[in-house]
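# Provide a 3D model corresponding to the input given below.
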Amino acid sequence: MINKILIVDDSPVSRKMLKSCMPKDREYAFFEAFNGLDGLELYKKILPDITFMDLTMPVMDGATALDEIMKFDKNALVIVLTADVQVKSLAKVMDLGALLVVKKPPGKETIQDALSKAEERLR
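Okay, the predicted model is just below:
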């Protein structure tokens with residue numbers, strides 16, 4: 001069951017939009033990071049059930065953060081949220097271990113589908 005959700009995105013608007021797409025009938029504990037490095041450090045500290053990761057961020061980009069998270073926890077569930085639709089970028093994050101790639105801006109249905117896939121993995 002998903003309880004702790006880490007959102008790593010340098011845009012406060014994107015973080016708020018993502019939280020608004022979450023099911024309202026569940027009480028999640030949200031944790032937020034502004035860049036990949038902060039996200040990696042927070043991941044290690046809180047061990048979230050699922051992480052939503054932007055790709056383009058200052059300090060450490062999302063692909064690098066994803067790679068480091070997967071080295072730390074090979075069972076991490078990371079969903080990449082990005083406006084980048086380049087096939088090469090998407091293939092790279094899938095190869096690094098992302099569970100899914102979701103295009104920005106996400107919709108409620110897309111996020112709920114992503115959460116369902118993550119919960120299947122947790123069983």
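
# tell me the mean pLDDT for stretch 18-32?
Mean pLDDT, stretch 18-32: 92.

# residues contacting the residue lying closest to Glu32 once chain neighbours are set aside?
Counting by Cβ to Cβ, 6 or more residues apart in numbering, Ile7 is the residue found nearest to Glu32 once chain neighbours are left out, at 5.0 Å. (Each C-beta comes from the backbone N, C-alpha and C, glycine too.) Listed by Cβ atoms under 8 Å, 6 or more residues apart in numbering, the contact set of Ile7 reads Arg15, Leu18, Lys19, Phe30, Phe31, Glu32, Ala33, Thr51, Phe52.

# Quick check: next helix or strand after the helix or strand of the chain with the lowest mean pLDDT?
The weakest-scoring helix or strand in the chain, judged by mean pLDDT, DSSP states H and E, is helix 87-96 (a mean of 86). Next along the chain after helix 87-96, taking DSSP states H and E as the criterion, comes strand 100-103.

# just how off-centre is the following helix or strand past that following strand within its chain?
The element immediately downstream of strand 100-103 (helix or strand, assigned by DSSP H and E) is helix 108-122. The chain centroid and the centroid of helix 108-122 are separated by 12 Å under Cα atoms, centre = their mean, to the nearest Å.

# buried ones in helix 108-122?
For helix 108-122, burial by neighbour count (16 or more other Cβ atoms under 10 Å) applies to Ile111, Ala114, Leu115, Ala118.

# go on, stretch 43-58?
By 16+ other Cβ under 10 Å, the buried positions in stretch 43-58 come out as Tyr43, Pro48, Asp49, Ile50, Thr51, Phe52, Met53, Asp54, Leu55, Met57.

# can I assume the residue nearest to Glu32 sits in a strand?
Yes: assigned with DSSP: H, G, I helix; E, B strand; the rest coil, Ile7 falls within a strand.
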